[in-house]
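Undergrad: I would like to see how this sequence folds:
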Amino acid sequence: MRPRSILLSATALLLTGVAACGGGDEPEAAPPSSSAPSGQAGSDAHDSLAARAASAMDKAYAALYSLDDGRGGPRNVVATVGQDGTWRVDVSGGALGGTADVTITSTAAGVFQCTLGSQSNPITSTCVKVAKPGKPVPDEYDPKVQRLFRQWLPVFTDRQAALAVTEVQPLAGAKGNCFSIDSISASLADPVDIGVYCYAEDGVLTAARVGFGVLKIVSQVAGPATVPLPGPEVAGPPMGMDTPPPPPVNPVQPSGVVPSA
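TA: Residues are numbered from 1 along each chain as shown. Reported below is the predicted structural model:
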């Protein structure tokens, strides 16, 4: 597996803030059983989660995270939320079976999947529209990570959502309040990614443990006024999530050998 270098956008976006704030420690891996009940469950826990989610919906920030999906070294994720509600989530190795960096960006024009340059692959970013404004990314183009930052917030604030919420002890190395979230409907698809979500008081996601990995915040700075696309919109198919097949190998005809008639 290729090294997971810090995304170029992460370096440009966060180095200044990290230097000013003293940076952040690299998150430690969380054991599977790091959460235990802390005494608040049911209605009170759901109220607390809803309050954090409501704060998150109005919070502009940019943060660098570490994502451990159990398939190698931790990968970098950068979440950026603008004051106007636009956002983007950059995922190192988030497409083509981990061989390409990708960003999901949401603007008033729609939701886009964009190629993303890195230190080891300095390409020019281009973007393909994959969904209408506010709609989810189709599964075949979905790196999943971006769902943790924006897609589930309206569900967390909905008291009618089919969720069981319990406040639990923080994940190892995580700050803020952590909530174990499960579905209470066996007949319907899970309304969110089931797992543990941790939030600071201002609504910034500080950690999460879900089916596809453990996410931990590394550093954070103030968000911009707006989040533009990282490159121009182009036609063509988005990148898939699976590793592409190897290119066909053309047989080499030995020199001087003429096929018989």
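Undergrad: Next, residue 231: secondary structure please.
TA: coil (DSSP: H, G, I helix; E, B strand; the rest coil).
Undergrad: doesn't residue 115 make contact with it?
TA: Yes. Judged on CB atoms under 8 Å, residue 231 makes contact with residue 115 at a distance of 7.2 Å. Yep, even glycine has a C-beta here, placed from its N, CA and C like the rest.
Undergrad: Below-threshold pLDDT in this structure: ranges please.
TA: 1-42, 118, 186-187, 250-261 (pLDDT under 70).
Undergrad: who has more neighbours, residue 231 and residue 115?
TA: residue 115 (21 against 18; other CB atoms under 10 Å).
Undergrad: didn't that one look like it was pressed against residue 100?
TA: Yes. Between residue 115 and residue 100 a contact is recorded at 7.0 Å, counting by CB under 8 Å.
Undergrad: picking up where we left off before, spell out which residues are contacts of both of residue 231 and residue 115.
TA: 125-127 (CB atoms under 8 Å, 6 or more residues apart in numbering).
Undergrad: Who wins on neighbours among those?
TA: residue 127 (22 neighbours).
Undergrad: Identify the bridge partners of that one.
TA: Beta-bridge partners for residue 127, by DSSP bridges, are residue 114, residue 233.
Undergrad: measure it to residue 149 for me?
TA: Going from residue 127 to residue 149 by CB to CB, to the nearest Å gives 18 Å.
Undergrad: what's the neighbour count on the closest residue to residue 220 other than its chain neighbours?
TA: By the measure of CB to CB, 6 or more residues apart in numbering, the closest residue to residue 220 outside its immediate chain neighbours is residue 63, 4.2 Å from it. When neighbours are counted by other CB under 10 Å, residue 63 registers 24.
Undergrad: so what's residue 63 up against?
TA: Contacts of residue 63 by CB under 8 Å, 6+ apart are 14, 78-79, 204-205, 217-221.
Undergrad: and with 6 Å instead?
TA: 79, 217, 220 (CB atoms under 6 Å, 6 or more residues apart in numbering).
Undergrad: Which other helices and strands does the helix or strand encompassing the second one contact?
TA: Going back to what we said before, that points to residue 217. Using DSSP states H and E, residue 217 sits in strand 213-222. With contacts defined as 3 or more CB pairs under 6 Å, 6 or more residues apart in numbering; DSSP states H and E, strand 213-222 has these neighbours: helix 8-21, strand 61-68, strand 205-210.
Undergrad: Each with direction, which strands does it pair with?
TA: Strand 213-222 is paired, per DSSP bridges, with strand 61-68 (antiparallel), strand 205-210 (antiparallel).
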